[in-house]
Every structure is written in C-alpha cells, then in structure tokens.
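> Provided below for reference: sequence and predicted model.
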Amino acid sequence: QVQVAESGGGLVQPGGSLRLSCTVSGRTDNTYTKGWFRQAPGKQREFVAAVGWNGNTYYADSVKGRFTISGDNAQKTVYLQMNSLEPQDTADYFCAAGRFASVRVNEYKYWGRGTQVSVSS
C-alpha cells in the first residue's frame with residue numbers, strides 16, 4: 001500500500017511564498033518520479049513540476065523561475081517552494097508518484113488528497 005500526503009497549503013498575499021511538502025510512504029520503487037499538479041475551481045488538473053529519481057526537474061512554463069521542486073530521502077519527501085505567488089496560482093495542489101516523468105495526469109499512479117493554496121489580498 002502506498003500513501004501520499006501533502007501539507008503546507010494556506011492563504012498568502014500576492015508576491016508571498018509558501019512551501020508545500022509531500023511524503024510518500026509504503027512500497028514504492030525508488031525510481032518513481034514525484035510530481036505536483038494543481039486544480040483550480042472549474043478547471044482541469046494541470047502539471048506544475050516534477051522531480052525524477054535522478055534529481056532531474058521539470059516545470060510548467062507558468063511557474064518557471066518562481067517555483068522550485070526538490071526532494072530528499074530518495075525522493076520519499078518532496079517539496080515545492082513557491083515564490084512570487086499570484087492570484088492565478090490559487091488552486092488545490094496535489095502530489096503524485098509515477099514511473100515516468102510526465103506532464104500527464106494519467107501517468108501517475110499514486111495521489112494525495114491535495115492541499116489548498118489561496119493567493120489573495
């Protein structure tokens with residue numbers, strides 16, 4: 001059984017920062033990629049960032065230069081540092097684990113329940 005759990009969401013003003021954490025526990029292959037996705041109300045879930053087992057990182061164009069994904073403990077814990085937050089970053093953020101580094105939702109097998117991020121003045 002694999003469990004994915006996110007934490008760190010909250011309310012922040014535009015221009016502020018938040019750090020999300022994701023812990024993956026249970027039987028997972030250490031070569032799994034860990035990714036962050038987000039879903040705003042009324043919109044489809046979209047890719048944000050991912051980190052592969054070898055440390056390679058991938059970002060959506062909308063967050064490049066503002067968000068940083070990192071991991072430790074063989075990527076069992078993954079972080080998403082979000083800086084210069086904008087109102088359009090408001091969404092539920094989900095952590096996921098999958099065999100391949102991909103921007104596609106269906107490439108990730110294990111998902112957390114999400115954590116809410118609200119950017120508003």
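Thanks, I have the structure now.
> residue 11 contacts residue 120, correct?
Yes - taking contacts as C-beta atoms under 8 Å, residue 11 lies within contact range of residue 120: 6.8 Å. Every residue, glycine included, has its C-beta placed from N, CA and C.
> now for the closest residue to residue 25 other than its chain neighbours, how many residues are close by?
Once flanking residues are discounted, residue 25 sits nearest to residue 3: 5.0 Å by C-beta to C-beta, 6 or more residues apart in numbering. Using other C-beta atoms under 10 Å, residue 3 has 11 neighbouring residues.
> that's a strand at residue 4, yeah?
Yes - under DSSP: H, G, I helix; E, B strand; the rest coil, residue 4 sits within a strand.
> distance-wise, check it relative to residue 43.
22 Å (C-beta to C-beta, to the nearest Å).
> who has more neighbours out of those two?
residue 4 (22 against 9).
> where's residue 69 relative to residue 40, distance?
19 Å.
> please identify which of those two sits among more neighbours.
Set residue 69 next to residue 40 and count neighbours by other C-beta under 10 Å: residue 69 wins out with 22 against 14.
> mind listing what the nearest residue to that one once chain neighbours are set aside touches?
The spatial neighbour of residue 69 that comes closest, neighbours along the chain excluded (C-beta to C-beta, 6+ apart), is residue 49 at 4.1 Å. For residue 49, the residues meeting the contact criterion (C-beta atoms under 8 Å, 6 or more residues apart in numbering) are 35, 36, 57, 58, 59, 60, 63, 67, 68, 69, 80.
> many thanks, have a good one.
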